[in-house]
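# Sequence first, predicted model second:
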Amino acid sequence: MDEFIVMPNHVHCIIEIKNSSFSSESTNQYGKPVAGSVSVIVNHYKGRVKKWCYENGFGDFEWQGRFYDRVIRDNKEYWAIENYIINNPANWEQDKLRRDLPTANPDE
């Protein structure tokens, strides 16, 4: 995993798959996910986080069922995405899906 940020309601990260033996034919087929693919990596990550949450008193934690992925084609695109991830916390106030988190003191 390269650059990443964990936000209160979402995660951004750059995943680099090195020495890939995937062909366009094997990755574009529908059906069972291909071992080592982005889908398998993300699903494994989601499963491990969900397990940790359950074991640590956050049993009501839920992931959304989908994720957004994008192939980064060149350095210019890489740096733009990396910059977006780095600056994401500064844009939290404008997040359309932001929910204010409950405070420890309900009178606050």
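Great, that's in hand.

# Find the helix or strand that Asp60 is a member of.
Secondary structure from DSSP states H and E places Asp60 outside every helix and strand.

# and if you look at Glu77?
Assigned by DSSP H and E, Glu77 belongs to helix 75-87.

# so how far is that helix from its chain's centroid?
In terms of Cα atoms, centre = their mean, to the nearest Å, the centre of helix 75-87 is set 15 Å apart from its chain centre.

# what does stretch 60-74 give?
5 Å.

# returning to that earlier point: and for the helix holding Glu77, what's in contact with it?
Helix 75-87 is contacted from outside by 2-5, 12-14, 70, 72, using Cβ atoms under 8 Å, 6 or more residues apart in numbering. Every residue, glycine included, has its C-beta placed from N, CA and C.

# What's the PyMOL line that selects buried ones from the residues you listed?
The buried subset of those, as determined by 16 or more other Cβ atoms under 10 Å, is captured in PyMOL by this line:
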select buried, resi 12+72
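
# In this protein, spot the helix with the most residues.
helix 38-55 (DSSP state H).

# ok so, going back, list the ones among the contacts of helix 75-87 that fall in helices.
Residues of the contacts of helix 75-87 located in helices (DSSP H): none.

# Any stretches of the protein with poor pLDDT?
Scanning the chain with the threshold set as pLDDT under 70 gives 19-30, 96-108.

# one more time with 50
Residues of the chain meeting the criterion pLDDT under 50: 103-106, 108.

# Show me which residues of the helix holding Glu77 are buried.
Under the neighbour-count criterion of 16+ other Cβ under 10 Å, helix 75-87 has 81, 85 buried.

# count of neighbours near Glu62?
For Glu62, the neighbour count with other Cβ atoms under 10 Å is 8.
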